[in-house]
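J.: got a predicted model here, sequence first, then my questions.
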Amino acid sequence: MAQHEQVRVAVIGSGFGGLGAAVRLRREGITDFVVLERAGGVGGTWRDNSYPGCACDVPSHLYSFSFAPNPDWPRTFSGQEHIRAYLEHVADVFGLRPHLRFDAEVKRMTWDAEALRWDIETAAGSFSADVVVSATGPLSDPKIPDVPGLDSFPGKVFHSARWDHDYDLRGKRVAMVGTGASAIQIVPAVQPEVARLTLFQRTPPWVMPRVDRGISAAERRLHRALPFTTQARRGLLWGIRELQVQAFTKRPDELGLVESLAKRNMARAIKDPALRARLTPDYRIGCKRILLSSAYYPALAQPNVDVVASGLSEVRGSTVVAADGTSAEVDAIIFGTGFHVTDMPIAERVVGADGRTLAESWKGGMEALRGASAAGFPNWMTIIGPNTGLGNSSMILMIESQLNYLADYLRQLRVLGGRAALDARPGAVAAWNHRVQERMKRTVWNTGGCTSWYLDANGRNTTIWPGTTTEFRRATRRVDLAEYEVIRPPVPGGGGTGGSGGEKAVDAEVGA
């Protein structure tokens, strides 16, 4: 007989969001929970992305939990292996191992309106949960474009997030498709090994130097002996980024100086005027994520690298062809083409109170109350949900704010007593989303003149938070029951109870 577990809370995913939620549940005294992970280990995107050169572009001491400081980060910007080791450490130190269920990919989760619970079908059996916390993350499902002829390519093809470590790139002719955050790390890592590297660049990125260095043994000893020095370091890194937000959200014209610095960075490494012209963006810096690398431009200047200022449009046998007609013979194609961010596959597997999937509910664009709760999906909460992304700081700050909201959500259910569920009111969700989108209009992400993965198919920015992390923390410090309908088990002649006034509460919280 297939395994079945009934729990208070089911957490989906074991990256930063999922492990953070698990720690918070234990701190709230809740131990009746599971963490459902589709892979065989923790780590999320830091488990999946193991490509050469993979590292974080947020400083180590800021890209870690405030409740789990790490005095032993080896570099100011840590590599993938160090971040994954940190997450394994968190799982051990906070006693999360008994709650982890590996190889348990969620196939479908359905709201049971009679029992007020979620029925979850996974690859490892079935589960029932009063509350679901979806922490699958936006950078979990790779996106490979539908390129004509790709299926018949005789060589090797893989995505940066599914790197084939058994395939030896040495001496090969390689096509790198994409110029995002992964590609600018992969290019300098593989360029010295390959015979020829052809980079297909649909849109050039803005690239600033990555001021990375090893953290000395003396610094690490200091952080271990005096923990407040770690907190001070983190606080300084956070404060600098909070001050930068105004330029991104309210005064994009002030970013001109940063553009000048980025151009100077390029000019130091790229001496060929024609190549420099191909690498110079025609949109305001910050419209797409600003990338950090001190090795990307020097790698592009090497004689075995060709930069094609056009996207890949066709594959003819072993020949790759760009939209501008440029072609090259290659042995391998590596896609650094991002992820399903605004069309997350998990949304197709979540069936709400009215029988519709979350994907159907979000057909016109993702939206959730305070980035967490979607109308029609009771007792379901997402971590790193719509409009919670950041363009210049650490997502761990946003995750911890959402964990505060989750903790109060569970407290409110406990206070209500008995069998109860909370369903975000459509009016409250709409009011929150309206205010977010109004603020978004003047940001660099909407006015900077680019098309980025922040935008959905309708051209709406459903990804980025248009404010500071402090503002978001204030907005998620508590659950306002007026923004939710309180649902009780159906009884003959009875019904649920709810509140009103959620729209006014939203306007007050999201700010101007």
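T.: It's in. Residues are numbered from 1 along each chain as shown.
J.: so Asp354 touches Gly376, yeah?
T.: Yes. The pair formed by Asp354 and Gly376 meets the contact definition of C-beta atoms under 8 Å, at 5.6 Å. No exception for glycine: its C-beta is placed from N, CA and C like everyone else's.
J.: which one's more surrounded, the two?
T.: Neighbour comparison, Asp354 and Gly376: the larger count goes to Gly376, with 19 against 12 (by other C-beta atoms under 10 Å).
J.: am I right that that one is in contact with Glu360?
T.: No. The pair Gly376 and Glu360 fails to qualify as a contact (C-beta under 8 Å) at a distance of 9.9 Å.
J.: isn't there a helix covering Leu199?
T.: No. Using DSSP: H, G, I helix; E, B strand; the rest coil, the assignment for Leu199 is strand, not a helix.
J.: mind checking how far it is from Lys172?
T.: 15 Å (C-beta to C-beta, to the nearest Å).
J.: the two - which one has more neighbours?
T.: Taking neighbours as other C-beta under 10 Å, Leu199 and Lys172 compare with Leu199 leading, 23 against 18.
J.: the more buried one pairs with what?
T.: Beta-bridge partners recorded for Leu199 (DSSP bridges): Met176, Val307.
J.: distance of it relative to Val415?
T.: According to C-beta to C-beta, Leu199 and Val415 sit 57 Å apart.
J.: so for Gly495, what's the pLDDT?
T.: On the pLDDT scale, Gly495 is placed at 46.
J.: equivalent analysis for Gly502, please.
T.: Per-residue confidence (pLDDT) for Gly502: 45.
J.: likewise Gly391?
T.: At Gly391, the model reports a pLDDT of 88.
J.: give me the neighbour count for it.
T.: The number of residues packed around Gly391, counting by other C-beta under 10 Å, is 22.
J.: could you shift the numbering so residue one becomes 7, and keep it that way?
T.: Let's use 7 as the start, then, which means that last one is Gly397.
J.: residues touching Trp368, list them.
T.: If a contact means C-beta atoms under 8 Å, 6 or more residues apart in numbering, then Trp368 has 353, 380 as its contacts.
J.: please parse this structure into its domains.
T.: Domain assignment for the chain, taken from automatic domain parsing, gives 10-147+346-425+475-486, 156-217+261-341.
J.: so for Ala224, which of these sits nearest?
T.: Comparison of the domains of the chain against Ala224 by C-beta to C-beta identifies domain 10-147+346-425+475-486 as nearest, at 12.0 Å.
J.: ok now that closest one, how far from the chain's centre?
T.: What separates the centre of domain 10-147+346-425+475-486 from the centre of its chain is 11 Å, taken as C-alpha atoms, centre = their mean, to the nearest Å.
J.: for the stretch 107-256 of the chain, which segments are assigned as helices?
T.: 189-196, 223-231, 233-255 (DSSP state H, counting those that start in this stretch).
J.: among those, which is the most enclosed?
T.: Burial among the helices of the stretch 107-256 of the chain, expressed as mean neighbours by mean count of other C-beta atoms under 10 Å, is greatest for helix 189-196, which shows a mean of 23.
J.: then that one to CSV, C-alphas only?
T.: Taking only C-alpha atoms (Å, rounded to 0.1, in the frame of the first residue of the first chain), the coordinates of helix 189-196 have been written out as CSV:
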residue,chain,number,x,y,z
ALA,A,189,26.3,32.8,-18.8
ILE,A,190,28.7,35.5,-17.6
GLN,A,191,30.0,33.0,-15.1
ILE,A,192,30.2,30.1,-17.4
VAL,A,193,32.0,31.9,-20.3
PRO,A,194,35.2,32.8,-18.4
ALA,A,195,35.2,29.3,-16.7
VAL,A,196,35.1,27.3,-20.0
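J.: nearest to Arg53, of the helices of the stretch 107-256 of the chain?
T.: Within these, the stretch nearest Arg53 is helix 189-196; the backing value is 16.7 Å (C-beta to C-beta).
J.: quick one: contacts of the closest one?
T.: Residues from elsewhere that reach helix 189-196, judged by C-beta under 8 Å, 6+ apart: 57-61, 166, 175, 180, 182, 203, 205, 211, 213, 297, 299, 301-302, 304-306, 311, 340, 342.
J.: buried subset of the residues you listed?
T.: Among the contacts of helix 189-196, those buried by neighbour count (16 or more other C-beta atoms under 10 Å) are 57-61, 166, 175, 180, 182, 203, 205, 211, 213, 297, 299, 301-302, 305-306, 311, 340, 342.
J.: need the helices of the stretch 107-256 of the chain in JSON lines with mean pLDDT and distance to Ala329, can you?
T.: Supplementary listing: those in JSON lines, determined by pLDDT from 0 to 100; distance: least, C-beta to C-beta, whole Å:
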{"stretch": "helix 189-196", "mean pLDDT": "98", "distance to Ala329": "17"}
{"stretch": "helix 223-231", "mean pLDDT": "97", "distance to Ala329": "48"}
{"stretch": "helix 233-255", "mean pLDDT": "95", "distance to Ala329": "31"}
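J.: how about these, which one is nearest Asp429?
T.: Among the helices of the stretch 107-256 of the chain, the nearest to Asp429 by C-beta to C-beta is helix 233-255 (31.0 Å).
J.: tell me which element the spatially closest residue to Gln197 that is not a sequence neighbour falls in.
T.: Taking C-beta to C-beta, 6 or more residues apart in numbering, and ignoring the residues beside it in sequence, Gln197 has Ala305 as its nearest neighbour in space, at 4.4 Å. With elements taken from DSSP states H and E, the one containing Ala305 is helix 302-306.
J.: what's that helix in contact with?
T.: Outside of helix 302-306, the residues that reach it under the criterion C-beta under 8 Å, 6+ apart are 190-191, 193-194, 197, 205, 213, 271-272, 274-276, 281, 285, 311, 313.
J.: if you rank every helix and strand of this structure by mean pLDDT, what lands last?
T.: Taking mean pLDDT, DSSP states H and E as the measure, the helix or strand of the chain with the lowest value is strand 503-504, at a mean of 43.
J.: include distance to Ile405 when you put the helices of the stretch 107-256 of the chain into JSON lines, please.
T.: Rendered in JSON lines, the data for these read as follows (distance: least, C-beta to C-beta, whole Å):
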{"stretch": "helix 189-196", "distance to Ile405": "23"}
{"stretch": "helix 223-231", "distance to Ile405": "22"}
{"stretch": "helix 233-255", "distance to Ile405": "14"}
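J.: these: which one's closest to His105?
T.: Among the helices of the stretch 107-256 of the chain, the nearest to His105 by C-beta to C-beta is helix 233-255 (27.3 Å).
J.: any idea how far the closest one is from the middle of the chain?
T.: In terms of C-alpha atoms, centre = their mean, the centre of helix 233-255 is found 20 Å from the chain centre.
J.: compute the inter-axis angle for that helix and helix 223-231.
T.: 100 degrees (axes from the mean of the first three to the mean of the last three C-alpha atoms, to 10 degrees).
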